[in-house]
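Peer 1: Sequence and computational prediction follow.
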Amino acid sequence: MRHRLRLLLLAALALGPLAASADPAPPTRALPESRGQVQLSFAPLVRRAAPSVVNVYGAHVEKRAGNRSAMDEFLRRFFGDAGPGGMGSGGRPQERAQRSLGSGVIVDESGLIVTNNHVIENMNEVRVALNDRREFEAQIVLRDPRTDLAVLRIKAPGGLVAMEFGDSEALQVGDFVIAIGNPFGVGQTVTQGIISALARTQVGSADYQFFIQTDAAINPGNSGGALVDLNGGLVGINTAIFSQSGGSHGIGFAIPASMVRAVVETAKGGGRVVRRPWLGARLQNVTPDIAESVGLDHPTGVLVAGMVAKSPAEEAGLKRGDVILTVDGQPVDDPEAFGYRFALKGITGQTKFTVLRGSTRTTLPVRLIPAPETRPRDVLKVKTRSPFLGATAVNASPAVAEELQIDASGDVVVISEVDGGSIANRVGLQKGDVIVAVNGVPVSTTRDLDRATRAAVPAWEVTINRNGQQLTSVFGG
């Protein structure tokens with residue numbers, strides 16, 4: 001009997017490879033089984049990936065005025081041209097520079113490099129240093145603050161090594177990854193770790209939050225560097241850390257390659273702005289109480305709380321109270337995850353939502369279009385003395401609401417920028433505030449705001465809407 005069982009076992013083992021060749025199984029993940037496997041090295045992978053990772057240096061250079069005052073001349077006589085007067089020889093203006101340091105990844109051999117937007121934010125001069133120590137001036141091709149990504153271009157005579165994109169959707173918690181960048185400016189550095197979590201949405205460093213979390217050491221200067229899988233593919237751009245000291249605590253976050261690829265493709269096509277699809281619906285989290293009321297065994301999906309008239313959401317047949325469970329089969333657990341999945345779909349064609357309505361699940365096709373500019377923005381930079389001095393305001397539209405990530409409908413005016421240190425900044429006005437009224441007069445266009453801020457009044461009564469809450473404040477004239 002034992003002999004017969006042994007023959008059956010050998011026959012089963014012999015047939016195993018034949019069955020596998022007929023229907024190839026996906027690669028398996030396994031723990032090391034020998035000392036030799038434990039002694040394996042990442043060196044070949046690093047040699048292949050390192051030439052694609054660069055250092056990015058940004059500078060914002062301002063020239064000080066070149067006219068000498070009487071005091072400047074007095075100080076020059078005692079201290080020379082480089083003295084406290086802050087002026088170079090001959091009265092030439094002295095440059096004052098603000099600098100930044102980060103990393104980047106070559107994604108196309110023509111010279112396209114992707115980095116974090118915060119690395120080059122407010123910078124007007126950017127240089128890139130390659131792994132072989134060559135340095136080049138870089139042109140800023142595209143900035144996308146909403147994803148915290150930017151694309152640069154350098155003109156190199158050759159020898160650029162581009163890193164291929166990996167499949168960030170195939171990552172699993174526990175997979176090995178390596179991070180390559182320039183932490184603290186010490187030079188190119190490689191760290192190794194695992195995928196700690198996926199789809200992190202409460203990080204707060206970008207509008208589209210759907211981060212890869214890793215314990216590979218990421219420090220200041222690593223921003224814009226590569227997160228690489230064991231096939232040498234770019235699976236993420238390192239962008240943020242959770243730290244109370246400024247150093248690595250083993251909690252780093254990377255933007256998935258699927259989003260990075262979408263931004264890079266826009267730059268390759270000559271686009272200066274990343275355009276994303278518009279749904280025209282207000283979404284909120286599904287709480288445990290809501291999940292129980294609609295028959296879900298756990299909180300998942302996003303609840304449709306309202307819609308814009310004539311929007312793709314309304315055209316598709318979405319209704320208030322519907323729960324969107326998936327976007328093209330990909331599950332979504334909160335509004336941030338939905339925003340990420342939906343943003344990747346582009347602005348042409350259609351996508352499909354799985355929707356729970358009552359106790360029935362249905363599939364709805366949704367048209368993919370960019371948010372429309374239903375009326376001119378009529379940008380107004382307020383320069384008259386008022387609580388709005390230093391603020392930039394625009395007429396709201398679906399396109400403006402989408403860019404600022406606010407819920408603004410109808411003929412309203414919204415603040416799109418606030419200069420640091422300005423009166424508007426000091427009185428507490430913020431980007432995204434909807435201006436409701438000034439001194440009791442409704443504001444529906446930027447021309448209304450312009451007229452209101454030119455008035456000479458002893459006091460200002462300002463009413464704004466911020467995140468759905470109406471606030472009124474009074475300021476001195």
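Peer 2: Cool, the structure landed.

Peer 1: how much space between the nearest residue to Phe242 once chain neighbours are set aside and Thr189?
Peer 2: In space, not counting the residues next to it along the chain, Phe242 is nearest to Ile251; the distance is 4.0 Å by C-beta to C-beta, 6 or more residues apart in numbering. C-beta here means a position set from N, CA and C on the backbone, and glycine is covered the same way. With distances taken as C-beta to C-beta, to the nearest Å, Ile251 is found 18 Å from Thr189.

Peer 1: Local confidence estimate at the spatially closest residue to Asn231 that is not a sequence neighbour?
Peer 2: Leaving out its chain neighbours, the residue that sits closest to Asn231 by C-beta to C-beta, 6+ apart is Gly166, at 6.3 Å. Looking at Gly166, its pLDDT reads 94.

Peer 1: Distance of Gly166 relative to Val151?
Peer 2: On the measure of C-beta to C-beta, Gly166 and Val151 end up 18 Å apart.

Peer 1: Settle it for me: which of those two has more neighbours?
Peer 2: Val151 (27 against 23; other C-beta atoms under 10 Å).

Peer 1: Which of the helices or strands spans that one?
Peer 2: strand 149-154 (DSSP states H and E).

Peer 1: low pLDDT regions in the stretch 351-477 of the chain?
Peer 2: 477 (pLDDT under 70).

Peer 1: Quick one, grab the pLDDT at the nearest residue to Val46 once chain neighbours are set aside.
Peer 2: Take Val46 and drop its neighbours on the chain: the residue closest to it by C-beta to C-beta, 6+ apart is Val190, 5.4 Å away. Here, the pLDDT recorded for Val190 equals 93.

Peer 1: What strands flank the helix or strand where Ser103 lies, and is each parallel or antiparallel?
Peer 2: Here Ser103, judged by DSSP H and E, is contained in strand 95-108. Strand 95-108 has the following strand partners under DSSP bridges: strand 53-63 (antiparallel), strand 112-116 (antiparallel).

Peer 1: That strand: how far from the chain's middle?
Peer 2: 17 Å (C-alpha atoms, centre = their mean, to the nearest Å).

Peer 1: Phi, psi for Pro370 please.
Peer 2: Pro370 adopts backbone torsions of phi -70, psi 160, taken as degrees, to the nearest 10.

Peer 1: What is the neighbour count of it?
Peer 2: Neighbour tally, Pro370, other C-beta under 10 Å: 15.

Peer 1: For beta bridges, what are the partners of it?
Peer 2: Here Pro370, judged by DSSP bridges, has bridge partners Pro277.

Peer 1: Now do the same contact list for it.
Peer 2: By C-beta atoms under 8 Å, 6 or more residues apart in numbering, the contact set of Pro370 is 275-278, 347, 399.

Peer 1: Please pick the buried ones from the residues you listed.
Peer 2: When the contacts of Pro370 are checked for burial by 16 or more other C-beta atoms under 10 Å, the buried set is 276-278, 399.

Peer 1: Out of those, the closest to Ile406 would be?
Peer 2: Ala399 (11.9 Å; C-beta to C-beta).

Peer 1: so the closest one sits in a strand?
Peer 2: No. Judged by DSSP: H, G, I helix; E, B strand; the rest coil, Ala399 forms no part of a strand; its state is helix.

Peer 1: Contacts only, for it.
Peer 2: 278, 370-374.

Peer 1: Rebuild those residues as TSV, extending it with distance to Ala156.
Peer 2: Shown next, in TSV, are the contacts of Ala399 (distance: C-beta to C-beta, whole Å):
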residue	distance to Ala156
Trp278	38
Pro370	34
Ala371	37
Pro372	41
Glu373	38
Thr374	44
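
Peer 1: Closest to Ala50 out of those residues?
Peer 2: Using C-beta to C-beta, these come closest to Ala50 at Pro370, 38.5 Å.

Peer 1: do you know how far the closest one is from Arg272?
Peer 2: Taken as C-beta to C-beta, the span from Pro370 to Arg272 is 14 Å.

Peer 1: Same check on Asp215?
Peer 2: Taken as C-beta to C-beta, the span from Asp215 to Arg272 is 36 Å.

Peer 1: for Ser110, same thing?
Peer 2: According to C-beta to C-beta, Ser110 and Arg272 sit 17 Å apart.

Peer 1: same question, Thr445
Peer 2: Taking C-beta to C-beta, one finds Thr445 at 27 Å from Arg272.

Peer 1: and what of Gly317?
Peer 2: In this view, Gly317 and Arg272 are 35 Å apart by C-beta to C-beta.

Peer 1: ok, which stretches of the stretch 251-400 of the chain are helices?
Peer 2: For the stretch 251-400 of the chain, applying DSSP state H, counting those that start in this stretch gives helices covering 257-268, 288-294, 312-316, 335-343, 398-404.

Peer 1: got a list of contacts for the third one?
Peer 2: Contacting residues not belonging to helix 312-316 are listed as 277-281, 304, 307-308, 353, 364-369 [C-beta under 8 Å, 6+ apart].

Peer 1: Model confidence score at Ala343, please.
Peer 2: Predicted confidence (pLDDT) for Ala343: 92.

Peer 1: Any figure for the gap between it and Ala43?
Peer 2: Here the criterion is C-beta to C-beta. By it, Ala343 lies 37 Å from Ala43.

Peer 1: The two - which one has more neighbours?
Peer 2: More neighbours surround Ala343 than the other of Ala343 and Ala43, with 20 against 9 (other C-beta under 10 Å).

Peer 1: thought the more buried one was touching Arg276?
Peer 2: Yes. Assessed by C-beta atoms under 8 Å, Ala343 is found in contact with Arg276 at 4.7 Å.

Peer 1: Kindly state the beta-bridge partners for the residue nearest to Thr445 when sequence neighbours are not counted.
Peer 2: Nearest residue to Thr445 in three dimensions, chain neighbours excluded: Asn395, at 5.8 Å (C-beta to C-beta, 6+ apart). Asn395 has the following beta-bridge partners by DSSP bridges: Val413.

Peer 1: What of Ala254?
Peer 2: Assigned bridge partners for Ala254, using DSSP bridges, are Ile212, Asn238.

Peer 1: for it, what are its contacts?
Peer 2: So Ala254 contacts 179, 211-212, 214, 227, 235-239 (C-beta under 8 Å, 6+ apart).
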